[in-house]
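*Asks:* Below are the sequence and a predicted model; questions follow.
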Amino acid sequence: MLDNIEVFTQNSIRIRSDSGTIYVDPFRMKEEPHDADYVLITHSHYDHFSIEDIRKVVGKKTLLVVPEKMEDDAGELRPDVKDIVTVKPGIYKEINGLELETVPAYNTIKPFHPKRAEWVGYILRLDGKRIYIAGDTGATKEARQVKCDIALLPIGGTFTMDAKKAADLTNLIRPEYAIPVHYGSSVGKKSDGQTFASLVKGPVKVVEKIQYFE
């Protein structure tokens, strides 16, 4: 499963699985593959909900999944996709064979991602693994309760956890693998990945996957 996870820029992720090809928050895509079975959006900020980049990956078979309060914004993409599905935090949903859970994604001491916005991270159940894509979040009480095999966590600071707080969360939830995201571009340094890896304790394995820094 690990080999089937790609990270492009920020929180832009592609996962190929038996359930289909899944994108999360496509952003600054350098190609136009139009191969998405699902596109999952965590929240409405420009580096996570980029209509230009979503259009590079979707096709007429694509299901677009967005937080409920983004339904109007996502409506612009209705002609480009098969359907738009909305989610709220803290739910389980099966969408055309894809099983997912949503985890509230918010800041506790920063103003950028308020809990009332009802933005989300996702736990995907793929090929027998639970993959947690946290979105822009702090180390919230809900994040600390996540059970997963693979965790993709933001480490860039400013709008999310920094490398140390993300490592602390990783050491608490103890996935098999941790993949740092959301650094080395708009926020965070390229070296934050190594900082995060140095603070994560075994047996968790850290794998850096970001392909494009700026």
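*Replies:* Yes, it's here.

*Asks:* How about the contacts made by the closest residue in space to Lys115 that isn't next to it in sequence?
*Replies:* Excluding the flanking residues, the one nearest Lys115 by Cβ to Cβ, 6 or more residues apart in numbering is Tyr106, at 4.1 Å. Yep, even glycine has a C-beta here, placed from its N, CA and C like the rest. Contact partners of Tyr106, counting by Cβ atoms under 8 Å, 6 or more residues apart in numbering, are 113-115, 117, 119, 137-138, 140.

*Asks:* what's the helix ranked longest in the chain in contact with?
*Replies:* Counting by DSSP state H, the longest helix found in the chain is helix 163-173. Residues from elsewhere that reach helix 163-173 (Cβ under 8 Å, 6+ apart): 132, 138-139, 143-148, 151, 153-155, 157, 160-161, 178, 180, 183, 188, 192-193, 195-196, 199-201, 204.

*Asks:* out of the residues you listed, which are inside helices?
*Replies:* Short answer: these in helices (DSSP H) are 192-193, 195-196, 199.

*Asks:* sorry, back to before: I'd like to know how far the residue nearest to Lys115 sits from Pro180.
*Replies:* 20 Å (Cβ to Cβ, to the nearest Å).

*Asks:* in this protein, what spans have low per-residue confidence?
*Replies:* 214 (pLDDT under 70).

*Asks:* so where do the strands sit in it?
*Replies:* Applying DSSP state E to the chain gives strands spanning 5-7, 13-17, 20-24, 38-40, 63-67, 83-87, 92-95, 98-104, 120-126, 129-133, 150-154, 177-181, 205-206.

*Asks:* Identify all contacting residues around the first one.
*Replies:* The contact list for strand 5-7 (Cβ under 8 Å, 6+ apart) reads 13-15, 131, 150, 152, 179, 181, 209-211.

*Asks:* how about a cut-off of 10 Å?
*Replies:* In this structure, residues lying in contact with strand 5-7 by Cβ atoms under 10 Å, 6 or more residues apart in numbering are 12-17, 22-24, 126, 131, 133, 150, 152, 177, 179-182, 207-212.

*Asks:* ditto for the shortest one
*Replies:* Under the contact criterion Cβ under 10 Å, 6+ apart, strand 205-206 has outside partners 2, 150, 167, 170, 175-180, 193-194, 196-200.

*Asks:* one step back: most surrounded residue in the contacts of Tyr106?
*Replies:* Per-residue neighbour counts (other Cβ atoms under 10 Å) across the contacts of Tyr106 peak at Thr137, which has 28 neighbours.

*Asks:* which one is that residue nearest to, not counting chain neighbours?
*Replies:* Ala105 is the one closest to Thr137 (Cβ to Cβ, 6+ apart), at 4.0 Å.

*Asks:* Show the contacting residues for the one you found.
*Replies:* 42-43, 67, 89, 113, 115, 117-122, 133-138, 140, 142-143, 154, 160.

*Asks:* just wondering, since we're on the residue lying farthest from the centre of the chain, how far is it from Arg55?
*Replies:* Distance from the C-alpha centroid of the chain peaks at Pro79, with 24.3 Å (Cα atoms, centre = their mean). For Pro79, the distance to Arg55 (Cβ to Cβ) stands at 10 Å.

*Asks:* residues near the closest residue to Asp192 other than its chain neighbours, how many?
*Replies:* Once flanking residues are discounted, Asp192 sits nearest to Tyr183: 4.3 Å by Cβ to Cβ, 6+ apart. The local packing count at Tyr183 equals 28, with neighbours defined by other Cβ under 10 Å.
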